[in-house]
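In: give me the fold of what follows.
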Amino acid sequence: EDNWFDGTFSFDLPGGHGHAPAPAGHGGSVPVPATPAAPATVPVAFAVAVIELDDTMRTEIADRLGQGVSAFRSLDELAMRLTGTPVVAVLGPSCCNDATLGTAERLLHMHRELGAIIIAQELSTALLQQALRAGVKDVLTLPVTADQIFEAVERVANTLRTAPVAQQPGQPQIDDYDPG
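Out: Residues are numbered from 1 along each chain as shown. Modelled structure (predicted):
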């Protein structure tokens, strides 16, 4: 199916109703600790994709994010579905290897509408450096709370919404504009 999401990802940020709705077929809701300063439901025009080889971990991450999340076993599966709509990819622990981070780097450079965060078993300087070089925007370490994932997804989504549009050939550059 070409339209793998409905174009709007809506979630309850902590401080809203206290629970993130679970995706269809994933059971009940996931408790979310309340944070007084956070707004309630925030609709945003982007997709969230969880990429994780391990079925149990993929389901756990998707459950924490709630409804509207698409799940994939690999970045290659996600790459086939990219259509230009902003996507935040949440890369699970199985993605913390040279091959997957190499794929992430290529995708992130080719698709400006794609942003990524990693959830790692443990954080090392080498992994952090690899992730940064690949263009990953945030690295979280297990155990991770729903709050941490929501905040990271929101931060990355904000960078996608504010990222400049790629310059078309023949268009004047901002610096070339002379209003006088």
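
In: just the strands from this protein, written as ranges.
Out: Ranges of strands within the chain are 9-12, 19-20, 30-31, 41-44, 47-51, 69-72, 87-91, 114-120, 138-141, based on DSSP state E.

In: could you give the mean pLDDT of the last one?
Out: Pointing back at strand 138-141 there. Strand 138-141 shows a mean pLDDT of 96.

In: which parts of it are buried?
Out: Under the neighbour-count criterion of 16 or more other Cβ atoms under 10 Å, strand 138-141 has 138-140 buried. Any C-beta I mention is one placed from the backbone N, CA and C, and that applies to glycine too.

In: and it, what does it pack onto?
Out: If you count contacts as 3 or more Cβ pairs under 8 Å, 6 or more residues apart in numbering; DSSP states H and E, strand 138-141 packs onto strand 114-120, helix 125-134, helix 146-162.

In: partners of that strand in the sheet?
Out: Applying DSSP bridges, strand 138-141 is found paired with strand 114-120 (parallel).

In: contacts for the strand it pairs with, please.
Out: 61, 82, 86-93, 95-96, 104, 107-108, 127, 131, 134-142, 144, 149, 152-153, 156-157, 159-160 (Cβ atoms under 8 Å, 6 or more residues apart in numbering).

In: just the buried ones out of the residues you listed, please.
Out: 61, 82, 86-93, 95-96, 104, 107-108, 127, 131, 134-140, 149, 152-153, 156-157, 160.

In: now the residue lying closest to residue 91 once chain neighbours are set aside: how far from residue 61?
Out: Nearest non-adjacent residue to residue 91, counting by Cβ to Cβ, 6 or more residues apart in numbering: residue 118, 4.6 Å away. Going from residue 118 to residue 61 by Cβ to Cβ, to the nearest Å gives 11 Å.

In: wait, isn't residue 64 in contact with residue 149?
Out: Yes - if you go by Cβ atoms under 8 Å, residue 64 and residue 149 touch, sitting 5.5 Å apart.

In: extract the residue ranges of this protein that are flagged as low pLDDT.
Out: In the predicted model, the chain carries pLDDT under 70 at residues 1-44, 161-180.

In: what about 90?
Out: Residues of the chain meeting the criterion pLDDT under 90: 1-46, 66-68, 82-85, 112, 158-180.

In: which ones are touching residue 82?
Out: Residue 82 sits next to 107, 111, 113-114 when contact means Cβ under 8 Å, 6+ apart.

In: nope, residue 110 is what I meant
Out: Not one residue lies near residue 110 by Cβ under 8 Å, 6+ apart.
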